[in-house]
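Asks: here is a sequence together with a model predicted from it:
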Amino acid sequence: MGKRLSWSGLLVAASMFTFTSAQADQLTIGAYPANPPWEYKTADGEFEGYEIDVAREVSKRLSLTPEFQDLGFQAIFAATNSGRVDFGISSISVTPERLKNQAFTQPYYDSDGTVVGKSDSVVKSLDDLKGKVLGVVAGSTGDAWAKQNAKKLGIVEVKSYNTQQDLLMEVQNGRIDGGAGELAGFQYAMTKMPGLQVLVRIPTGERFAMLTKKNHPLLEKVNDAISAMKEDGTMAAIHKKWFNADAEPETSTIKILPLPQAE
């Protein structure tokens with residue numbers, strides 16, 4: 001006959017069972033709360049954002065309750081790897097280095113570079129930048145790209161600004177011909193600044209996805225939910241909501257893709 005559990009032992013066992021049962025109905029998601037439009041907290045402490053909408057819809061399709069945890073960006077990697085949270089979001093790029101130790105769903109956003117300008121701009125391609133003045137945020141990826149390509153493209157001047165808002169106001173007022181930078185940040189800012197549009201998209205290969213630990217039992221199901229969201233237009237609608245722009249047909253927001261694999 002086995003050992004009889006004490007009353008206190010039975011209470012501990014019961015509490016453990018209750019905790020486990022509650023967690024079985026949840027999808028825990030780590031998110032960095034200062035990363036708009038991807039994820040941020042409202043005045044009442046609720047999470048909102050593009051990826052929050054993605055995670056909530058995934059949870060709904062799996063009949064799970066999403067539970068968001070406020071984490072620093074680097075802490076998300078440790079939390080997913082240890083199993084403290086099921087998945088992590090925060091505009092996390094799929095990279096070969098990260099795939100060595102962790103796993104990703106298929107991506108759902110292509111974080112390309114871009115040149116933005118006024119809606120009536122004559123610039124339709126990179127070749128049209130010849131003779132133009134381009135603005136960048138100092139120290140940004142757009143800054144590096146513009147300086148590397150100015151001579152080749154015939155850009156007559158690259159002007160630096162301290163903030164994205166300062167840069168876009170100069171574009172809006174016609175003082176410079178365009179601004180170079182990261183697509184998502186510009187797309188989000190342009191929802192609040194009328195009269196601007198993406199002139200040229202510059203592919204970088206950088207794509208965002210949900211992060212998790214290797215061999216997570218829900219990875220395939222979450223990935224299937226993302227495929228269904230692309231197929232039925234839900235993912236495109238989330239893109240339209242946050243950027244007030246249609247996702248392009250050949251991007252990962254629209255195309256169903258395989259699970260990323262380590263090289």
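Replies: Nice, thanks for sending it over.

Asks: for the closest residue to residue 123 other than its chain neighbours, which three-state class applies?
Replies: Spatial nearest neighbour of residue 123, chain neighbours left out: residue 199 (4.6 Å); criterion: C-beta to C-beta, 6 or more residues apart in numbering. Just so you know, the C-beta spots here come from the backbone N, C-alpha and C atoms, and that holds for glycine as well. Under DSSP: H, G, I helix; E, B strand; the rest coil, residue 199 falls in the strand class.

Asks: can you list the domains in this protein?
Replies: Per automatic domain parsing, the structural domains of the chain span 23-110+206-243, 113-202.

Asks: first-to-last residue distance for the shortest one?
Replies: This stretch, domain 113-202, spans 5 Å end to end (C-alpha to C-alpha, to the nearest Å).

Asks: any idea how far residue 118 is from residue 69?
Replies: In this view, residue 69 and residue 118 are 42 Å apart by C-beta to C-beta, to the nearest Å.

Asks: before we move on, what about residue 159?
Replies: Note on residue 159: its distance to residue 118, by C-beta to C-beta, is 16 Å.

Asks: cool, and residue 239?
Replies: Relative to residue 118, and taking C-beta to C-beta, residue 239 is found at 23 Å.

Asks: so which of those two has more stuff around it?
Replies: Using other C-beta atoms under 10 Å, the more surrounded residue of residue 239 and residue 118 is residue 239, with 23 against 17.

Asks: quick one: low-confidence ranges for the stretch 151-263 of the chain?
Replies: Within the stretch 151-263 of the chain, no stretch falls below the threshold (pLDDT under 70).

Asks: change it to 90
Replies: 163-165, 185, 192, 194, 203-205, 262-263 (pLDDT under 90).

Asks: all helices for it, in order.
Replies: Counting by DSSP state H, counting those that start in this stretch, the stretch 151-263 of the chain has helices at residues 164-172, 183-190, 219-231, 234-243.

Asks: compute the inter-axis angle for the first one and helix 183-190.
Replies: Between the direction of helix 164-172 and that of helix 183-190, the angle (axes from the mean of the first three to the mean of the last three C-alpha atoms, to 10 degrees) works out to 70 degrees.

Asks: in helix 164-172, which residues are buried?
Replies: 164, 167, 168, 170, 171, 172 (16 or more other C-beta atoms under 10 Å).

Asks: and it, how far out from the chain middle?
Replies: A distance of 23 Å separates the C-alpha centroid of helix 164-172 from that of its chain, computed with C-alpha atoms, centre = their mean, to the nearest Å.

Asks: related to what we said a few turns ago, just put the buried residues of helix 164-172 in TSV and tack on distance to residue 110.
Replies: Shown next, in TSV, are the buried residues of helix 164-172 (distance: C-beta to C-beta, whole Å):
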residue	distance to residue 110
164	20
167	22
168	21
170	26
171	22
172	25
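
Asks: identify the residue nearest residue 159 in space, chain neighbours excluded?
Replies: Going by C-beta to C-beta, 6+ apart, residue 159 has residue 135 as its nearest residue, at 4.9 Å.

Asks: secondary structure class for the one you found?
Replies: Once three-state DSSP is applied, residue 135 turns out strand.

Asks: that one: what's it in contact with?
Replies: 158, 159, 160, 161, 167, 170, 171, 176, 178, 179, 180 (C-beta atoms under 8 Å, 6 or more residues apart in numbering).

Asks: equivalent analysis for residue 189, please.
Replies: 164, 165, 168.

Asks: and which of the residues you listed is nearest residue 131?
Replies: Ranked by distance to residue 131 (C-beta to C-beta), those are led by residue 168 at 21.5 Å.

Asks: how far away is residue 93 from residue 251?
Replies: The value you get for residue 93 to residue 251, if C-beta to C-beta is used, is 15 Å.
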